[in-house]
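In: Predicted model, plus sequence, below.
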Amino acid sequence: MKSRFLVVVLFGFCGSFLLAQSGDTVSTIRPRLWTKVTYRFKPAKKLNIDLSALYRDVRGEEGKNSLISELQFNLEQSKTLTIATEFRHYSIFVVDGLDQRWRARVSATKSFDIGKDDFSIRLGAQHREIISGGGSARADARFRGSYTKSIKNWKWDPTIYSEYIGSFYSEKPDKQSSRLRLGIETDNKVIGGKLSVGYFYQHDFRESAAHYNTLSIGYRF
């Protein structure tokens, strides 16, 4: 019971802190729901291959609802270092048809053992191209720091994280990205797979852009 209360407090603290510090009005903050289903292959001891389907209920400037196909390779270089490569195809549902994009990303995650808890840093870069429809080709850098708290007799250990995403190239200058995310997530084994749930708030530093509250739900077989 005490552990559950702690998780609730962490969720409330993150949400309240972000809303208080951002200075954003309620009218500029929009809700999103992201869902993801993954099937994992393990062809070698240190290599995982994830095949995923994602559906995103996205409102506002970022686009309409979208369906995403994803292929990701995770290679464990050591117990504390993982290299990942990810490829995505986006189908974005717009009023007059379907916009399509592809994206490639590479990242490295370094973990630090701090007793029973864990702290990690992830550095990444990604490039997006337009296949059809509107939008802009763009390249972004990503930096994420996360802290996982181990709770005794509680399997849903929470991870608190922050991530900055910023463009270093954009075909259209007004489409450059500059976003900050702060959130919390957790996962646990359920019915033979792994269920994950999370929440993050995204602040967009562009003056005309909206900000988002995002709930994410995923399941990995």
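Out: In hand now; what should we look at?
In: C-alpha only now, for contacts and for neighbours.
Out: Fine.
In: could you list every residue that touches R179?
Out: By CA atoms under 8 Å, 6 or more residues apart in numbering, the residues touching R179 are 164-166, 202-205.
In: oh, I was asking about R144
Out: Shown in contact with R144 (CA under 8 Å, 6+ apart): 121-123, 161-164.
In: And S170, by the same measure?
Out: 136-139, 176.
In: Same check on R88?
Out: Here R88 is in contact with 68-71, 102-104 (CA under 8 Å, 6+ apart).
In: Looking at the contacts of R144, which is nearest L54?
Out: E163 (20.2 Å; CA to CA).
In: in the helix or strand hosting that closest one, what's buried?
Out: Secondary structure from DSSP states H and E places E163 in strand 159-170. By neighbour count on 16 or more other CA atoms under 10 Å, the buried set for strand 159-170 is 159-167, 169-170.
In: Repeat that for stretch 132-148.
Out: Buried residues in stretch 132-148 (16+ other CA under 10 Å): 135-148.
In: ok, now stretch 87-94?
Out: Residues 87-92 are the ones in stretch 87-94 that count as buried (16+ other CA under 10 Å).
In: So which of those are in strands?
Out: 87-92 (DSSP state E).
In: quick one on the thing from earlier: how about the buried residues of stretch 87-94 in JSON lines, adding distance to R32?
Out: Shown next, in JSON lines, are those (distance: CA to CA, whole Å):
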{"residue": "F87", "distance to R32": "22"}
{"residue": "R88", "distance to R32": "20"}
{"residue": "H89", "distance to R32": "20"}
{"residue": "Y90", "distance to R32": "17"}
{"residue": "S91", "distance to R32": "17"}
{"residue": "I92", "distance to R32": "15"}
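In: which one of the contacts of S170 is nearest T80?
Out: Among these, and counting by CA to CA, the member closest to T80 is A139, at 27.2 Å.
In: measure the closest one to V37 for me?
Out: 26 Å (CA to CA, to the nearest Å).
In: Also N213?
Out: From N213 over to V37 (counting by CA to CA), the distance is 21 Å.
In: Then R142?
Out: 23 Å.
In: Ok, S177 next?
Out: Distance check for S177 against V37: by CA to CA, it reads 27 Å.
In: Over to I29?
Out: I29 sits 27 Å away from V37, going by CA to CA.
In: which strand in the protein runs the most residues?
Out: Per DSSP E, the chain has its longest strand at strand 97-114.
In: what mean pLDDT does the next helix or strand after that strand have?
Out: Note on strand 97-114: by DSSP H and E, the next helix or strand toward the C-terminus is strand 117-132. Averaged across strand 117-132, the pLDDT comes to 95.
In: could you dump strand 117-132 to PDB, C-alpha only?
Out: The C-alpha coordinates for strand 117-132 follow below in PDB (Å, rounded to 0.1, in the frame of the first residue of the first chain):
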ATOM      1  CA  ASP A 117      18.400   1.900  -8.100                       C
ATOM      2  CA  ASP A 118      19.500   2.800 -11.700                       C
ATOM      3  CA  PHE A 119      20.500   5.900 -13.500                       C
ATOM      4  CA  SER A 120      21.000   6.100 -17.200                       C
ATOM      5  CA  ILE A 121      21.800   8.500 -20.000                       C
ATOM      6  CA  ARG A 122      20.800   8.100 -23.600                       C
ATOM      7  CA  LEU A 123      22.200  10.100 -26.500                       C
ATOM      8  CA  GLY A 124      20.700   9.800 -30.000                       C
ATOM      9  CA  ALA A 125      20.300  11.300 -33.400                       C
ATOM     10  CA  GLN A 126      17.500  10.900 -35.900                       C
ATOM     11  CA  HIS A 127      16.600  11.900 -39.500                       C
ATOM     12  CA  ARG A 128      13.200  12.200 -41.000                       C
ATOM     13  CA  GLU A 129      12.200  12.300 -44.700                       C
ATOM     14  CA  ILE A 130       8.800  13.000 -46.300                       C
ATOM     15  CA  ILE A 131       7.500  10.300 -48.700                       C
ATOM     16  CA  SER A 132       4.200  12.100 -49.600                       C
END
